[in-house]
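A.B. asks: what's the 3D shape of this:
(chains A and B)
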Amino acid sequence: DGGITQSPKYLFRKEGQNVTLSCEQNLNHDAMYWYRQDPGQGLRLIYYSQIVNDFQKGDIAEGYSVSREKKESFPLTVTSAQKNPTAFYLCASSSRGADTGELFFGEGSRLTVL
Amino acid sequence: AQRVTQPEKLLSVFKGAPVELKCNYSYSGSPELFWYVQYSRQRLQLLLRHISRESIKGFTADLNKGETSFHLKKPFAQEEDSAMYYCALRALKGGGGNKLTFGTGTQLKVEL
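C.D. replies: Coordinates of the predicted model:
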């Protein structure tokens, strides 16, 4: 089944702990993205990567880190420096070459900091 | 920097009534505009893009550069249209690829 897989769906973390959210895609897409979704604030871009071994900060990158060692994987680490980490996180991918603007989204991961 | 504004958090209409979801944007260059939709328990997905000028599920949207708007319209609402709708903008300059800026979303509720 082709698409984007995010794990875990639900995650609880104690304050001061780092946590890593997984995002895997088998669509052969070059570009991948992480968005944060909060009620009333829509989707805000955290990080994006247009090619392996390269990534750029989005609008709210502080307190987050990413890596892109493989084309199909783009994990997001929520560090203890993130002041308000409780949120719903969405991963997406797109074909870099195709000029469509279409992003394909995962089902999301809900992080709760206790 | 670009910005997308959706002024309504919630829009409630009766089945068969016309629907208009508002979207305004600010961007100094030439943008591409999109509508994404998230149905209950489903993933966020592309509904339509302005460049295609097509009607999807009865919805249309016209880019009005003078008013910097991209409102989503449907003449007759159906129950299955109930969902969260996001307007999004892609800046065609800056090398950001398919990086999109999203609005805050409008929850459409179609009542019987």
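A.B. asks: Give me the local confidence score for residue A:57.
C.D. replies: For residue A:57, the pLDDT comes out at 95.
A.B. asks: ok, it - how many residues close by?
C.D. replies: Neighbour count for residue A:57, taken as other CB atoms under 10 Å in any protein chain shown: 13. The way it works is simple: take the backbone N, C-alpha and C, and place the C-beta from them, glycine included.
A.B. asks: go on, the one 3 residues further on?
C.D. replies: A count of nearby residues for residue A:60, using other CB under 10 Å, gives 16.
A.B. asks: likewise the one 3 residues further on?
C.D. replies: For residue A:63, the number of neighbouring residues by other CB under 10 Å comes to 15.
A.B. asks: thought it was touching residue A:77?
C.D. replies: No - counting by CB atoms under 8 Å, residue A:77 is not a contact partner of residue A:63; they are 9.6 Å apart.
A.B. asks: Quick one: distance of the longest strand anywhere in chain A to the chain centre.
C.D. replies: Of all segments of type strand in chain A, defined using DSSP state E, the longest is strand A:42-51. Remark: strand A:42-51 is offset 7 Å from the chain centroid, using CA atoms, centre = their mean, to the nearest Å.
A.B. asks: Can you give the strand pairings for that strand, parallel or anti for each?
C.D. replies: strand A:31-38 (antiparallel), strand A:54-57 (antiparallel) (DSSP bridges).
A.B. asks: quick one, strands of chain B?
C.D. replies: Using DSSP E, the strands of chain B run over B:3-5, B:10-14, B:19-21, B:24-26, B:31-38, B:45-49, B:60-61, B:72-74, B:83-91, B:100-102, B:106-111.
A.B. asks: whoops, chain A was the one
C.D. replies: A:4-7, A:10-13, A:19-25, A:31-38, A:42-51, A:54-57, A:64-66, A:76-78, A:87-94, A:104-105, A:109-113.
A.B. asks: For these, give me TSV that also has distance to residue B:108.
C.D. replies: Below are the strands of chain A laid out as TSV (distance: least, CB to CB, whole Å):
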stretch	distance to residue B:108
strand A:4-7	25
strand A:10-13	27
strand A:19-25	28
strand A:31-38	17
strand A:42-51	15
strand A:54-57	33
strand A:64-66	31
strand A:76-78	30
strand A:87-94	20
strand A:104-105	19
strand A:109-113	23
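A.B. asks: among the ones you listed, which is nearest residue B:98?
C.D. replies: Across the strands of chain A, residue B:98 has its closest neighbour in strand A:87-94 (4.1 Å, CB to CB).
A.B. asks: Just name whatever secondary elements that closest one is in contact with.
C.D. replies: Packed against strand A:87-94, as judged by 3 or more CB pairs under 8 Å, 6 or more residues apart in numbering or on different chains; DSSP states H and E, are the following elements: strand A:4-7, strand A:19-25, strand A:31-38, strand A:104-105, strand A:109-113.
A.B. asks: got the residues of chain B near chain A?
C.D. replies: Contact residues, chain B versus chain A (CB under 8 Å from any CB of the partner chain): B:4, B:6, B:9, B:32, B:34, B:36, B:43-46, B:49, B:51, B:86, B:90, B:96-105.
A.B. asks: Can you select the buried ones from the residues you listed in ChimeraX?
C.D. replies: Filtering these down to the buried ones (16 or more other CB atoms under 10 Å in any protein chain shown) takes a single ChimeraX command:
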select /B:4,6,32,34,36,43,44,46,49,86,90,96,97,98,99,100,101,102,103,104,105
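A.B. asks: So which bits of stretch B:39-59 are buried?
C.D. replies: So, applying 16+ other CB under 10 Å, buried residues of stretch B:39-59: B:43, B:44, B:46, B:47, B:48, B:49, B:50, B:59.
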